[in-house]
Every structure is written in structure tokens, then in C-alpha cells.
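Participant: Coordinates only, no sequence provided:
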């Protein structure tokens, strides 16, 4: 749930949300692997995207192998980031009172 003082989807957090985000970042930095990815996602208020390098049609076998390795690492980082964010969501939700949980579960954007 966003505070009324924040712009929806703008990535701008109000004072309350900024303080909560900072606490979540601190928790993530002491708990999860690749914690910088989590903190960056929380800071940007969305998932970060890992950009794969382009591959020239005249690429050497070594260049192709490097791109393949980079792609595999990026996919693993994305999967780990999603798993870590889901775990953190469960932690945050576990400390919510039943009324707030009900509001979250009934929110139109809840998946």
C-alpha cells in the first residue's frame, strides 16, 4: 500500500515509505545473497533488469561462449533476486495484523 504523499509508479517514496524501504534494505543487506540487487530494486521501487550484451554475427567462438556465460549468470541473478524478494515479502507480511493482510489479499494488484 502506498502512502498518499507518494506518486504511484514514479519511484518517488514519501517519508514513511522511505524509512520502511531503508529498514528493508538493511534487513536484506544482512540476510540475503546478492543483497545489492535487492537494495537496488527496493530503491527503484521495481525489479531491476539485467541487460545482456549484444552478439555480432561475426563473433568468435570465444565471444559466443562469453555471452553464453554472461547470460547464464544474469538468469541466475534474476531468479535469485525474485526468490529473495518473495522471501522478504513473506517476512513483511508475517508481521502484519490480520486486517492489513486482508487488505493486501483483496487489493486489485495482488497476485
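Facilitator: Happy to help now that I have it. For clarity, every value in this text was computed on a predicted model and none was experimentally measured. Numbering: from 1, shown residues only.

Participant: Not counting residues beside it along the chain, what's closest to residue 33?
Facilitator: Sequence neighbours aside, residue 80 is the residue nearest to residue 33 in space, at 6.5 Å (criterion: Cβ to Cβ, 6 or more residues apart in numbering). Using the backbone N, CA and C atoms, a C-beta is placed for each residue, glycine as well.

Participant: how about the host helix or strand of the one you found: buried residues?
Facilitator: According to DSSP states H and E, residue 80 maps onto helix 61-94. For helix 61-94, the neighbour count (16 or more other Cβ atoms under 10 Å) marks 67, 81, 84, 85, 88 as buried.

Participant: List the contacts of the last one.
Facilitator: Spelled out, that is residue 88. For residue 88, the contacting residues are 24, 27, 28, 31, 32, 38, by Cβ atoms under 8 Å, 6 or more residues apart in numbering.

Participant: Between those residues, identify the one with the most neighbours.
Facilitator: residue 38 (24 neighbours; other Cβ atoms under 10 Å).
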